[in-house]
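> got a predicted structure plus its sequence, pasted below:
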Amino acid sequence: MKFLRGGGQGSKGNMSEKVTIPVGTHQIQIETGKLAKQADGSVLVQLGDTVVLVAAVAANTAKPGQEFFPLTVDYREKAAAAGKFPGGYFKREGRPTEKEILTSRFIDRPIRPLFPEGWFNEVQVQAIVMSADGENDPDVLAAIGASTALSISDIPWAGPLGAVRVGRVGGQWVANPTHTQMLESDLDLVYVGSETEMVMFEGSANEISEADFNAALKFAQECCQPILAAQKELVAKIGKPKRAITVTVVPDEVLNETKALIGDRLMPALTIVDKQAREDAFHALKTEVTAKLVAKLGAEKATPAIIKETFYRLQTEAVRRLILKQGKRLDGRGFDEVRPLSAEVSIFPRAHGSAIFTRGETQAAALVTLGTSEDAQEFDAYTGGATEKQFILHYNFPNFSVGETGRIAGPGRREIGHGALAERSIKPMVPLKEFPYAVRVTCEILESNGSSSMASVCGGTLALMDAGVPMIRPVAGISIGLCTESDAQGKVTQAQLLTDILGWEDAFCDMDCKIAGTEKGITGFQLDLKLGGISHDLMVQTVEKARVARLFILGEMAKTLAAPRPELSKYAPRILALKINPEKIGALIGPGGKNIKRIVDESGCEINIEDDGTVKIYSVSAEGMAKARAEIEGMTAEIEVGRIYHGTVVTIKEFGCFVEVFAGKDGLVHISELANFRVKQAEDIVKIGDKIWVKCIGVDEKGRIRLSRKAAMADRDKEAAEKTAEKTPEKTGEKTAEKK
């Protein structure tokens, strides 16, 4: 039997290329040519002991009739990478987690605009975490890997891009902070940039100022430069020539004929203020012109794909001309003007908190649910970081919100992404350490015409305050758009920022930059571009316009509800926290949970016991809360010498009686301590079941408790006499005054 050594997988065999990149205090290593060599481009990216494999493949031809660019980005974390077994019966990874979905979106958004327009071959970028050290997050490494794999491949793509995470610890910017460092950071910024411009960012902050946010963006851009240089080095060494491609273009004949048939009717249709009426008018015009095009040019020339692209191009040109040349917007607003706002709270009576927030033709209904710590979301975290979420925001976007029909299914990637943006925008203002509830916000989008995620931030904030959640400060958000004109080299020659963009301004212009925060600073942010990048100076202007609009919205929200309600909803569970000796946890739980189950059944409460002896009682009934508290205190309280208790006689003996002062805990009242006179037999004074006052007069070394009814009676008589004496001088003084 013979064995082959080396080679065998391409002309270069097992030859690989590596580059090492200093980023901050860390080093990132990129290696290619060793694994997954049948992909069009593949790399291993490593930071610490975290390693990600990224491979990119493009189809050789587009599918017949393909009308869009089918790009799929799929990021997956493997349990084996962290030396763990997956949870569940099958012991195999299943549907993507929220972290995997968000990371896939984070990679997709910056790379998508850099593919050739009109090229419809399917492209897949897959990232697999092969090793996870629990400290270095693989998401940024996957983004770097996607850019590198596309750059060295023959796939047509206008990269490379650099990616970095930025935190701020002790007032200092940190590039690619570890999970441990992030616990002390007031910023979590994920940034993607080209050599000269920013391409994408997202993340959260603890009310960072606009000036500091802009400084963080500048720091991130600087961190991307060595990453970009390393990718260019690899391309120079082993990059493949880019393949020749065929793009779908609109024939001049179809374009000119369409313009002639439309005439001057397009702009009046696009500038109808009402969204539905505008879309109906445009649809009617498109239907009419399409029929005439097919009749004149034939179905072979005027295909559905060509007609769709033609009208998209004409719409884009018309919207941009309206904004840049005529200085107008589709709905007639000024460029810095926020659409009319309205809000209501306490809409749905059984929700713990509820609100409806409307901005123009975008409307969000938010409902808040407060639960116990058992309701917090738990999940596997193979790559490190948190394993539990106490604050959750779920975003839903039904078809009727845009007046359409469609497949009704669970939340898609877009809904997951929008919910995550709203969640991280609000979370910094919810004091989870001091507010011991699990909190869930459900945002249902009822109408949508631009930035429903920011409407969810506003509606969610109002609903939380309506529920009585003690938010530190209210949070609001807004989206800023951008319309540009560029020269033949792609350099922007004219730009106009748009506050509170409409859906069509998002679709036919260049940017959707969402920024949320409080009156003090920024808490959440996300940038999406259709351009290859945006300058830092233009982003500084964007951040300022977002601040002005946010303060306006916060002022309008305050007219509805300015601060959290002082009381929780009557339907929300109340929480009482008790502290017991950790050594008594076992006694409280009982054998097989017998004791705690009995208390739960009898009181109707939910009870959570933590390892440090903290016992949390959750109940919507004051009576049930009191009963559970009495039971727990009775089973776990420590008896104090000198304190008086009201107990029950449980046993009578010749030498005295035993009195239960707490559940399951009793002490001896010696016959000599039953009364202040000589007692012949205990039955002369007490009977089983009697409730009597006793005073603890001692606990011996074996824990046996000595009680005294005589001492308790003496103390109570003395207390009563003192109260009587306090009242007597007042009465005497009154009588003396009357005599005078």
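Nice, I can see it.
> run through the bridge partners of the residue lying closest to residue 213 once chain neighbours are set aside.
Nearest non-adjacent residue to residue 213, counting by Cβ to Cβ, 6 or more residues apart in numbering: residue 522, 5.4 Å away. C-betas here are computed from N, CA, C, even on glycine. Beta-bridge partners of residue 522, counted by DSSP bridges, are residue 208, residue 517.
> residue 522 contacts residue 208, doesn't it?
Yes: Residue 522 is within contact range of residue 208, at 5.1 Å (criterion: Cβ atoms under 8 Å).
> higher neighbour count, those two?
residue 522 (28 against 23; other Cβ atoms under 10 Å).
> quick one: that one and residue 256, what's the gap?
48 Å (Cβ to Cβ, to the nearest Å).
> and if you look at residue 472?
60 Å.
> neighbour count winner among those two?
Higher neighbour count among residue 472 and residue 256: residue 472, with 15 against 11, using other Cβ under 10 Å.
> spell out the secondary structure type for the more buried one.
coil (DSSP: H, G, I helix; E, B strand; the rest coil).
> quick check: closest non-adjacent residue to it.
residue 429 (4.7 Å).
> who are the contact partners of the one you found?
Residues near residue 429 by Cβ atoms under 8 Å, 6 or more residues apart in numbering: 461, 471, 472, 473, 474, 475, 518, 523.
> mind putting those in JSON lines, distance to residue 564 included?
JSON lines is the format used below for those (distance: Cβ to Cβ, whole Å):
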{"residue": "461", "distance to residue 564": "10"}
{"residue": "471", "distance to residue 564": "6"}
{"residue": "472", "distance to residue 564": "10"}
{"residue": "473", "distance to residue 564": "10"}
{"residue": "474", "distance to residue 564": "9"}
{"residue": "475", "distance to residue 564": "12"}
{"residue": "518", "distance to residue 564": "14"}
{"residue": "523", "distance to residue 564": "17"}
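> show me which of these is closest to residue 372.
residue 471 (20.0 Å; Cβ to Cβ).
> can I assume the closest one is in contact with residue 461?
Yes: using Cβ under 8 Å, residue 471 is in contact with residue 461, at 6.9 Å.
> out of the two, which sits in the busier spot?
Counting neighbours by other Cβ under 10 Å for residue 471 and for residue 461 shows that residue 461 has the greater number, 33 against 19.
> let me know the pLDDT of that one.
Turning to residue 461, the model gives it a pLDDT of 98.
> name the SS class of it, please.
Assignment for residue 461 (three-state DSSP): helix.
> how much space is there between it and residue 423?
12 Å.
> confirm for me that residue 62 is in contact with residue 121.
Yes: Residue 62 lies in contact with residue 121 (Cβ under 8 Å); the separation is 5.0 Å.
> those two - which one has more neighbours?
Set side by side, residue 62 and residue 121 show more neighbours around residue 121, with 22 against 18, by other Cβ under 10 Å.
> okay, helices next: where are they in the stretch 551-700 of the chain?
585-589, 594-603, 622-636 (DSSP state H, counting those that start in this stretch).
> comparing the ones you listed, which comes out most buried?
Comparing those by mean neighbour count (mean count of other Cβ atoms under 10 Å), helix 622-636 comes out on top with a mean of 18.
> show me what it is packed up against.
strand 574-579, helix 585-589, helix 594-603, strand 614-619, strand 656-662 (3 or more Cβ pairs under 8 Å, 6 or more residues apart in numbering; DSSP states H and E).
> any idea of the mean pLDDT in that helix?
Helix 622-636 comes out at a mean pLDDT of 84.
> coming back round to it: can you list the helices of the stretch 551-700 of the chain in JSON lines and add distance to residue 437?
Converted to JSON lines, the helices of the stretch 551-700 of the chain look like this (distance: least, Cβ to Cβ, whole Å):
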{"stretch": "helix 585-589", "distance to residue 437": "22"}
{"stretch": "helix 594-603", "distance to residue 437": "19"}
{"stretch": "helix 622-636", "distance to residue 437": "15"}
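> closest to residue 95 out of those helices?
Judging the helices of the stretch 551-700 of the chain by Cβ to Cβ, what sits closest to residue 95 is helix 594-603, at 34.0 Å.
> now that closest one against strand 614-619, angle please.
Calculated by axes from the mean of the first three to the mean of the last three Cα atoms, to 10 degrees, helix 594-603 forms an angle of 30 degrees with strand 614-619.
> and helix 594-603, what does it pack onto?
helix 585-589, strand 606-609, helix 622-636.
> closest to residue 551 out of these?
Of all the helices and strands packed on helix 594-603, strand 606-609 comes closest under Cβ to Cβ, at 40.4 Å.
> for that closest one, which residues meet the burial criterion?
606, 607, 609 (16 or more other Cβ atoms under 10 Å).
> what is the mean pLDDT for that strand?
Mean predicted confidence for strand 606-609 is 88.
> for stretch 709-726, same thing?
Stretch 709-726 comes out at a mean pLDDT of 88.
> buried ones in it, by neighbour count?
709, 710, 711, 712, 713.
> put the alpha carbons of stretch 334-347 into CSV.
Backbone C-alpha positions of stretch 334-347 (Å, rounded to 0.1, in the frame of the first residue of the first chain) are rendered in CSV as follows:
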residue,chain,number,x,y,z
GLY,A,334,-38.2,70.3,5.0
PHE,A,335,-35.0,68.3,5.0
ASP,A,336,-34.7,68.7,8.8
GLU,A,337,-38.3,68.2,9.6
VAL,A,338,-39.7,65.3,11.6
ARG,A,339,-43.1,64.0,10.6
PRO,A,340,-46.1,64.7,12.9
LEU,A,341,-45.9,62.6,16.2
SER,A,342,-48.6,61.2,18.5
ALA,A,343,-48.5,58.8,21.4
GLU,A,344,-50.9,57.1,23.8
VAL,A,345,-50.2,54.9,26.8
SER,A,346,-52.2,52.4,28.9
ILE,A,347,-54.0,51.2,25.7
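> quick one: contacts of it?
So stretch 334-347 is contacted by 329, 331, 333, 353-362, 365, 458-459, 462-463, 465-466, 478, 496-500, 545, 548-549, 552-553, 556-557, 559-561 (Cβ under 8 Å, 6+ apart).
> report how many residues lie close to residue 57.
Residue 57, neighbours per other Cβ under 10 Å, totals 18.
> check which helices and strands the helix or strand containing it sits against.
Assigned by DSSP states H and E, residue 57 falls within strand 50-58. For strand 50-58, the packing partners by 3+ Cβ pairs under 8 Å, 6+ apart come out as strand 41-47, strand 123-131, helix 138-152.
> where do the strands sit along the stretch 251-400 of the chain?
All strands of the stretch 251-400 of the chain, identified by DSSP state E, counting those that start in this stretch, fall at 341-345, 353-359, 362-371, 377-378, 388-389, 391-396.
> and those, which one's lowest on average pLDDT?
Looking at the strands of the stretch 251-400 of the chain, the bottom one is strand 377-378 with a mean of 82.
> ok, that one: who's next to it in the sheet?
strand 388-389 (antiparallel).
> quick one: the partner strand to chain centroid distance?
Centroid separation between strand 388-389 and its chain, computed with Cα atoms, centre = their mean, to the nearest Å, is 10 Å.
> what does stretch 464-474 give?
17 Å.
> likewise stretch 594-611?
For stretch 594-611, the distance to the chain centre is 32 Å (Cα atoms, centre = their mean).
> who touches it?
The list of residues contacting stretch 594-611 from outside it, by Cβ under 8 Å, 6+ apart, reads 372-374, 573, 582, 585, 587-590, 615-619, 621, 624-625, 627-628, 631-632, 635.
> circling back: selecting buried members of the contacts of stretch 334-347 in ChimeraX, what would you type?
Command for ChimeraX that selects the buried part of the contacts of stretch 334-347, burial taken from 16+ other Cβ under 10 Å:
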select :329,331,333,353,354,355,356,357,358,359,360,361,362,365,458,459,462,463,465,466,478,496,497,498,499,500,545,549,552,553,556,557,560,561
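> what about residue 727, neighbour count?
9.
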